[in-house]
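Chemist: What follows is a predicted structure for the sequence shown.
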Amino acid sequence: MDDFRERAALSRRAFGSLALWAMIAAAAPLAAQTSGEPVYIGVSGPVTGPHAQYGAQWKQGFDLALEKINADGGIDGRPLDYIFEDSQNDPRQTIAIAQKFIADQKIAVEVGDFSSTSSMAASPLYQRGRLVQFGFTNSHPDFTKTGDYMWSNNVPQSEEQPLVARHVVEDLGMKKIALLYLNSDWGKTSKDLFAEAATGLGAEIVAEEAYLGDEKDFRATLVRAREAAPDGFVLVSYYNDAALIVRQIRDLGIDLPIYAAGANSPEFVSLAGEAGNGVHTVMNFAPMSPRPVVQDFVAAFEAEYGTAPSHFSAMAYDTFNLLAAAMRQYGTGREDIKDGLGKISGLESVIFPEVAFDPGTRRISSPAVTELVVQDGGYLPYSGPGQ
Amino acid sequence: MSDAILTATGITRRFGGITAVDGVDLHVAEGEFLSVIGPNGAGKTTLFNLISGQDRMDGGKVTLEGRDITNLSPHKMAEIGVARTFQHGRVFGNLTVMDNVLIGCHVRLKAARSRVPVIGPVLELGKALIQPRAVREEEEAMREEARAIIATFGERLAPRIDNPTYSLSYANRRRVEIARALALHPRILILDEPTAGMNESETAEMQEIIAGLKASGRTILLIEHKLNMVMQLSDRVMAMDDGKVISHGTPTEVRNDPKVIEAYLGHSSIGGARPAARDSAEPQEIITVGPAQGRIGRTGGAEA
Amino acid sequence: MESLSSLMAMPWLDYSISGLVIGSIYALMAVGLALIFGVANLINFAHGAVFTVGAYIGWTCLVGIGLPLGVTIVVVAAVSGAAGALIEWLAIRPLNRQSRIAPLLATIGVALVLDQIIHIVFSPTPRALSANIPDWRLQIGNGTIGAIDITIALTAILSAAALYAFLFRTKLGMAVRATAQDDDAAKQMGVNINAVNMTVFGIAGALGGIAGLLVGLYYNSIDPNASFQMMLKGMVAIVIGGMANVPGAIGGGLILGLIESWGIGLFGASYRNLFAFVVLLVMLLFRPNGIFSRGKERPAEPMTGTFVTQTKAVTLPKPLIWVLIGIAVILPMANMPYITQVMTNAYLYGLAALALTLVSGTVGLVSIGHAALVAIGAYASALLTTKGLPVSLGIVIGGAAAALLGTALAYPAFRLRGHYVAIGTLALGEIVSLVILNWEGVTNGALGVFAIPPLEIFGFPLYGTKASYWFVLALMLLMAGLQVRLLKSHLGRTWKAIREDTVAAETYGVASNYYKGLAFGFAGFTAGIAGAVTAHQWSFINYDSFNLLFSVLILTMAILGGLGNVSGAILGAILVAALPEMFRTLAEYRMLFYGAALIILIRFRPQGLLGSG
């Protein structure tokens, strides 16, 4: 079975190198050759099950990153590759995968899993097994607290939410905010941090409504929120919930400004339809950013897959580039990577203008956000009130 | 009446608009054999259900040895010594013959069960796990007794003692039911058509067993359609129709009572084996197809 | 907490409108469920999957091909009607002679298969579904309702009216009602039962599919994961309206919508499903015939409402058991931590399956809320040990908490029978999960419990892969051994007697509720320690760690091995937990595998691999 897996990995690499050759032939005749035993990253994530769409988006980012990294000579001449184990985002499976990766000496570093429930169940194993667990989607505030082998480049909400609050309160002028949030670890944490920051800026949270993950009907909740006489709505939601809520806000005839966290996904725009127009959001990853790193990524992504990259693909792309940089600089041993991540600095990525970890929290500090507004099936940069 | 072990007065049960049992009085003396006869739908089984606690009466009173047992729950009825068999036979199909009879011994388990409040459940589980000597000895004694009871049914049951009862013939399952009832050491034994669905030789065998029970001095209440058997076994006979007692006395008196003959002729012929027939006053037969409610399907069913 | 005047000042009209809008969606689901219940006496768990099929066929027609809405509705009705008829043919008809619970489990299997096919064909990403529907809105109170809201409500009411006319005015309708009452008698009267059943499933399927399309249009969003919740709401609606009462289903749906909406107005949206499931339980216990019925009696259930078929269990020879235990003990010596971990997981599943097989197999209370017991054990131990209690003590207390709390919660459900137990326990499972989510002060709410201390016994650490493997193996074998001992005692036969015929058991002095309680207590302890050990192994749990899918998986294991069979439960757990791990590369089809296995098993070996015990 392991053989089968390896064959699958090999054939993917073969396919990747085919694409690579095509790219080299077209654009980079001087690209370096890679040879020898590849350096492996172990990925634990959902390929099937209810969260499979995220795993698929990860893969796109990973594959694109590998093409670039290996075209640049890999890791000191050795190709970089990954082994993707399907966890279905189920903690029972992530711990089994953790055992597999820890025992497999080929694996230099682990990436994933998707949710905090499944990632954090495996954390004690990675910590004791002394293999870095790099959780790039894990926003749970306790994720990196299990031990010094847990790292994350997920934007810490403690840094992002104050920026969002400033935008909402100062730019959009909301002073009496109705807050709807997904009752999950991410939603709850973000909501608390946002409320704290917004209150600090002089705004008032007049309504605070938690909702369940599989909720579809928000009319009653919105009636309740409207009773508090807010002057704007803030939604701490994923894109599908955000689209449903935005539509139902407009169906109820409420014409107040809306800020929605999940509106930064291209899917939001199609699900929300007309109602999405004028909804505000921010993005860590801004496809229209003029930075060359971003523009190269967006162009390569669109050329490869024919669609605009999602936030998750961008994060996946960033993660592999970041790990590759750490390995190139500090070595491919498991301990080297763990120590290296703490030392990395000055690296420019798609999401962060400058990547540096706080060695205490093992998270990235000082993210930047781009403020956007949804308009006619796309995004416009926010350009002041009256828009 | 003064020597009556079981007395029931004014027993009444209504289902919707139908009064299935209408003010019936009944008494049985120690060691007496009382049979209840009547056409289909007369309310016999409902009456027995009320006396043995399967159904709750709307009016009336039942006493056993002077103690009021009106509307006690079935398992309390069993505890004080009322045992019954069912019209259609209700053995525990996946249990062996032995285990079926041992369930009859359930109320007599002293060591294995626990009546201590609050920690009782933990004690009962604990004793079942540890199997202390007293529990083991009690279990062995019960098994010994169960084997003895089963042996009274001769070669019919004894060789099949460890077989699940679903594999038994219909007649054998009825035998198991009676064995199970006997294991309870009942003060009064209620038999609801014990020979229903049996052929002639099986009926004769069953009649012999029941005669043996009578000879051993048991107090027995019987519903039966086979009038020959009723006439031969009963000390007294009670005839019911439309929920009321229409005749009462010695077997001969009742048989010759014109009201009884009329009741049977008015409905159908007297007697005869009716394996699959049901008393139409039984609640599971009440089906509402109410256009007013738009309901499709079954309702009712106190026995189910 | 709120004064009367502020209560009066709440916008009740707006809440009521909101309630009626969502309520008419529930009603649309409920009509089909009620129809099927009326004829087949069965809760069709696959109805939600048909709803999804309708939504995706609708998407294919409207967005994929670009057909007009009218044609789309016809295609959706045809395809989902066919899907409904297929369910009847595949999962219901062959089980005609099985116990009542068999078709219910088969519909769960069909639901898994259909959902998974949609996943694979259309991907799990939600899609937008829009059509050219007139864009006018009607102002009512402070809100508006649109054309699609009215279409949904009208479809629900008209379809109920049409069904009513069909049932009471046409010849086939009479056949349907006759079949509903007594299929044997109907057969003797020359009614073709199979044709009737297939017709009914077809009609219900078409309705379910149209519901999926309309709801998808309403939200402009379709999502393969939404159907189960929708089906559950429809189920609550028919329990409110009276299980087999078609017009009552409309009332039930609207009432459920109103209750949820008013409840949200008073307490907030996070409690929505809690209201729904509490209403479900209250109705099952106090008005099992629905609020529109005058009678109080519970609908008649078959006398043997169990899944246990009349067959002999396979008894594994003792030497074989010892050899297998020996292999299990030396397995970690192979130094394959991955395999060791997979088997540790399997044994934890095994503990939970042992508990379930006792309750559902031996006593006959089929439970689809088993995860609740595991979750209670996990949370009890996690919360206490993070506050300093030693882990070994925490595990025992976790078991005890699950035993006591689980039994107390399930006690009211003991008087339910057959699939009412299944529905009731499903509701209980959801309630426990939602209480964990909402009771922030104790459970830490959505953030879950973090930094749970690792496994150790009296200070001796057990968190190494091998040590925890042996510990869990020993625990499972211990509990299995104890269970076998219990089954050999008077409790074993008493429990089985309750399962076989509760009325007869009561007549012979068995206080059935007390003995059901004993079984639940022991099973709760086993499930609770399984949860507690899991919590210490993971170090992090939240309200979703033990969800409905987990309950269904455990039930699959118990059925696979043979309900009530101790070695069967362990075998089932190992197969269900370990085999998919072995065939990881087929993972995309894993749930398909579960669903298909469930259907095939119920069809061809209803007694499970080792037979019912």
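Modeler: Everything's here; your move.
Chemist: so B:Val118, which of the three states?
Modeler: Put simply, B:Val118 is coil when judged by DSSP: H, G, I helix; E, B strand; the rest coil.
Chemist: For the chain, which segments are assigned as strands?
Modeler: This is for chain A. Along chain A, counting by DSSP state E, strands occupy A:39-45, A:80-86, A:107-112, A:133-134, A:150-151, A:176-182, A:204-211, A:232-236, A:258-260, A:280-283, A:357-358, A:363-364, A:370-375, A:378-381.
Chemist: actually it's chain C I care about, not the one you picked
Modeler: Under DSSP E, chain C gives strands at C:137-140, C:143-146, C:456-457, C:460-461.
Chemist: Looking at the ones you listed, which is nearest to chain B?
Modeler: Taking C-beta to the nearest C-beta, strand C:456-457 is the member of these nearest to chain B, at 21.3 Å. In short, each C-beta sits where N, CA and C put it, glycine included.
Chemist: Now do the same for that closest one: mean pLDDT, whole number.
Modeler: For strand C:456-457, mean pLDDT is 84.
Chemist: Just list what it packs against, helices and strands only.
Modeler: On a contact count with 3 or more C-beta pairs under 8 Å, 6 or more residues apart in numbering or on different chains; DSSP states H and E, strand C:456-457 meets helix C:391-410.
Chemist: Figure out how far the helix it packs on is from the centre of its chain.
Modeler: From the chain centre to the centre of helix C:391-410 is a distance of 23 Å (C-alpha atoms, centre = their mean, to the nearest Å).
Chemist: can you tell me if that helix touches chain A.
Modeler: No: Helix C:391-410 does not reach chain A (C-beta under 8 Å from any C-beta of the partner chain); its nearest approach is 13.2 Å.
Chemist: who's in contact with the residue nearest to C:Gly248 when sequence neighbours are not counted?
Modeler: Leaving aside its chain neighbours, C:Gly248 sits nearest to C:Gly241 (3.3 Å; criterion: C-beta to C-beta, 6 or more residues apart in numbering or on different chains). Counting by C-beta atoms under 8 Å, 6 or more residues apart in numbering or on different chains, C:Gly241 touches C:30, C:34, C:247-253, C:255, C:290-292.
Chemist: nearest to chain B, of those?
Modeler: Using C-beta to the nearest C-beta, the contacts of C:Gly241 come closest to chain B at C:Pro247, 4.5 Å.
Chemist: I'd guessed that closest one sits against C:Tyr164; true?
Modeler: Yes: counting by C-beta atoms under 8 Å, C:Pro247 touches C:Tyr164, with 6.1 Å between them.
Chemist: Among these two, which residue is more densely surrounded?
Modeler: Set side by side, C:Pro247 and C:Tyr164 show more neighbours around C:Pro247, with 20 against 15, by other C-beta atoms under 10 Å in any protein chain shown.
Chemist: The residue of the stretch 251-387 of chain A found nearest chain B - how many residues pack around it?
Modeler: The minimum distance from the stretch 251-387 of chain A to chain B, using C-beta to the nearest C-beta, falls at A:Asp251 (33.0 Å). Neighbour count for A:Asp251, taken as other C-beta under 10 Å: 21.
Chemist: Compute the number of surrounding residues for residue 83.
Modeler: Let's take chain A. 23.
Chemist: Chain C, not that one
Modeler: Residues lying near C:Ala83 (other C-beta under 10 Å) number 24.
Chemist: and it, what pLDDT?
Modeler: As predicted, C:Ala83 sits at a pLDDT of 93.
Chemist: how about it, what does it touch?
Modeler: By C-beta under 8 Å, 6+ apart, C:Ala83 lies in contact with C:50, C:53, C:114, C:205, C:209.
Chemist: Wait, the last one touches C:Val75, no?
Modeler: No: the pair C:Gly209 / C:Val75 is not scored as a contact, 9.4 Å apart, by C-beta under 8 Å.
Chemist: PyMOL command to pick out the buried ones of the contacts of C:Gly241?
Modeler: Filtering those down to the buried ones (16 or more other C-beta atoms under 10 Å in any protein chain shown) takes a single PyMOL command:
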select buried, chain C and resi 30+34+247+248+249+250+251+252+253+255+290+292
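Chemist: Specify the residue ranges that define each domain of the chain.
Modeler: Answering for chain A, as no chain was given. Following automatic domain parsing, one finds the domains of chain A at A:2-155+A:290-355, A:157-283+A:370-381.
Chemist: let's do chain C instead
Modeler: C:14-267, C:318-604.
Chemist: Which of the ones you listed has the lowest mean pLDDT?
Modeler: Among the domains of chain C, domain C:14-267 carries the lowest mean pLDDT (a mean of 85).
Chemist: which residues touch the residue of the stretch 251-387 of chain A closest to chain B?
Modeler: A:219, A:275, C:137, C:143-144, C:146.
Chemist: just for the stretch 201-304 of chain B, where's the confidence low?
Modeler: Scanning the stretch 201-304 of chain B for pLDDT under 70 picks out the ranges B:266-304.
Chemist: go again using 80 as the cut-off
Modeler: B:264-304 (pLDDT under 80).
Chemist: can you pull out the helices in the chain?
Modeler: Reading this off chain A. A:2-26, A:52-71, A:91-103, A:116-129, A:157-166, A:185-200, A:219-227, A:239-251, A:266-272, A:292-305, A:311-330, A:334-343 (DSSP state H).
Chemist: actually it's chain B I care about, not the one you picked
Modeler: For chain B, applying DSSP H gives helices covering B:44-51, B:74-79, B:97-104, B:120-130, B:133-151, B:170-182, B:200-215, B:227-233, B:251-256, B:258-267.
Chemist: Count the neighbours of B:Gly17 for me.
Modeler: Quick note: B:Gly17 (other C-beta under 10 Å) scores 5 neighbours.
Chemist: Next one: it from chain C, what distance?
Modeler: 13 Å (C-beta to the nearest C-beta, to the nearest Å).
Chemist: what does B:Asn256 give?
Modeler: Remark: distance between B:Asn256 and chain C (C-beta to the nearest C-beta) = 36 Å.
Chemist: How about the contacts made by that residue?
Modeler: Listed by C-beta under 8 Å, 6+ apart, the contact set of B:Asn256 is empty.
Chemist: so how far is B:Ser247 from it?
Modeler: 9 Å (C-beta to C-beta, to the nearest Å).
Chemist: Of the helices of chain B, which is nearest A:Pro91?
Modeler: helix B:120-130 (32.2 Å; C-beta to C-beta).
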